[in-house]
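In: how does the following fold in three dimensions:
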Amino acid sequence: MSIERVLTCEGGVELSRLVYGTWRWDAVPEFRTKWGREIVESCLDLGISSFDHADVYGNFRCEEYFGLVLKESPGLRDRIEIVTKCGIQFPSDRRPGVYAKHYNTSYEHILESVNNSLRNFGTDYVDVLLIHRPDPRMNPSETARGLQAVVDSGKVRAVGVSNFLPWQLDSLAKFLKIPLVTNQVELGVLHLKPFHDGTIAQSQKLGFRAMAWSPLGGGRLFNGDDEQSLRVYGVLDSLAQKYDSTQGQVAMAWLLDHPAGVIPLLGTNKVERIKELAESIQVKLELQDWYTIWEASAGVELP
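Out: Numbering: from 1, shown residues only. Here you go, the predicted model:
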């Protein structure tokens, strides 16, 4: 089995159809490069070549952890794509002078953040840079100028956003000469909002692939005791038997089946779990089963 590669949009970058997310790397006691290299190489063996980051992950440490892996095995850089984010700041021993959580989407901060990320990774470019969250104080013209500058400098290949609503994305895109290649949002069998608020429709209209973080509800799908989790898990359990798969594979297949071409993120630190979820590529749901999962999540019958 090998996972295909897809373009984020026309004129965008190629990413693997599934992306591995590093946001939980700080949960590993006494991080070791041997463990990190095993994760990266296991992903590559499956065809997962794209890795999602943010400067804030792990109290501003996860980018550095990944950089240690690349430093120990420099040949890996040419085999992977790095996605990272900027814009969130909070008090930390790693950010002296920051005393309040805030967003910073200024021209200067974008350039500074990219330079920090390049140092952390030990590379001279990242493949995709995302503005991490919509900033209520954002000057879209200035933010666009920063994004354009890091692309023009060759330090970033492409840019996008994360957690933006359609009108927020439109406001930024208006001032860019280059396309926004993705919008990374919370999306999965327990979170249908992007289907209702226009986010997924916008991605189809503009011709880019959205990325889905927390596609399994951050574990709530398997551990939650709320009504929605229990309803959805019950349906997934039944369909897992039908498709000779696992509940997680069916949940991932549900996202992969959507014609918008959504790119799900995997957030597990376990190699065996990565392998299991990668096999969701092979699960092809029947149309009626897709809607059975939708109804279970929505908690109401289709109109």
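In: ok, which stretches of the stretch 51-200 of the chain are helices?
Out: For the stretch 51-200 of the chain, the helices defined by DSSP state H, counting those that start in this stretch occupy 57-60, 62-72, 107-121, 140-152, 166-173, 193-196, 199-206.
In: quick check: which of these is buried the most?
Out: Highest mean neighbour count of the helices of the stretch 51-200 of the chain: helix 62-72, a mean of 21 (counted as mean count of other C-beta atoms under 10 Å). For glycine as for every other residue, the C-beta is placed from the backbone atoms N, C-alpha and C.
In: alpha carbons of it, in PDB - could you do that?
Out: Taking Å, rounded to 0.1, in the frame of the first residue of the first chain, the C-alpha atoms of helix 62-72 are listed here in PDB:
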ATOM      1  CA  CYS A  62       8.000  20.600  18.600                       C
ATOM      2  CA  GLU A  63       9.500  22.300  15.600                       C
ATOM      3  CA  GLU A  64      12.900  22.000  17.300                       C
ATOM      4  CA  TYR A  65      12.300  18.300  18.000                       C
ATOM      5  CA  PHE A  66      11.500  17.700  14.400                       C
ATOM      6  CA  GLY A  67      14.600  19.600  13.400                       C
ATOM      7  CA  LEU A  68      16.700  17.300  15.600                       C
ATOM      8  CA  VAL A  69      15.400  14.400  13.600                       C
ATOM      9  CA  LEU A  70      16.300  16.100  10.300                       C
ATOM     10  CA  LYS A  71      19.800  17.000  11.600                       C
ATOM     11  CA  GLU A  72      20.500  13.400  12.600                       C
END
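In: touching it from outside, list them.
Out: With C-beta atoms under 8 Å, 6 or more residues apart in numbering as the test, helix 62-72 has contacts from 22-23, 25-26, 31, 33, 36-37, 40, 51, 53-55, 57-58, 76-77, 82, 84, 117, 119-123.
In: now intersect those residues with the strands, please.
Out: Judged by DSSP state E, these include 51, 82, 84 as members of strands.
In: highest neighbour count among the residues you listed?
Out: Thr84 (28 neighbours; other C-beta atoms under 10 Å).
In: contacting residues for that one?
Out: Contact analysis of Thr84 by C-beta under 8 Å, 6+ apart lists 52-55, 63, 117, 126, 128-130.
In: now, which of those sits nearest Asp45?
Out: Closest approach to Asp45 among the contacts of Thr84 (C-beta to C-beta): Asp52, at 18.4 Å.
In: isn't the closest one right up against Trp25?
Out: No - the pair Asp52 / Trp25 is not scored as a contact, 11.2 Å apart, by C-beta atoms under 8 Å.
In: tell me the confidence at Thr143?
Out: At Thr143, the pLDDT value in this model is 98.
In: pretty sure it contacts Tyr103?
Out: No - the criterion here is C-beta under 8 Å, and Thr143 misses it with Tyr103 at 10.5 Å.
In: joint contacts of these two?
Out: If you check Thr143 and Tyr103 against C-beta under 8 Å, 6+ apart, the residues they both contact are Asp135.
In: in terms of distance to Glu279, which of the ones in strands among the contacts of helix 62-72 ranks first?
Out: Phe51 (19.5 Å).
In: measure the closest one to Leu165 for me?
Out: Computed as C-beta to C-beta, to the nearest Å, the Phe51 to Leu165 distance reads 26 Å.
In: try His102
Out: Using C-beta to C-beta, one gets 20 Å for the distance from His102 to Leu165.
In: picking up where we left off before, any idea which of the contacts of Thr84 has the most stuff around it?
Out: Leu129 (29 neighbours).
In: tell me the contacts of that residue?
Out: Taking C-beta under 8 Å, 6+ apart, we find Leu129 in contact with 83-86, 110, 114, 117, 147, 150, 156, 158-160.
In: which strand residues bridge it?
Out: Beta-bridge pairing for Leu129 (DSSP bridges): Thr84, Val159.
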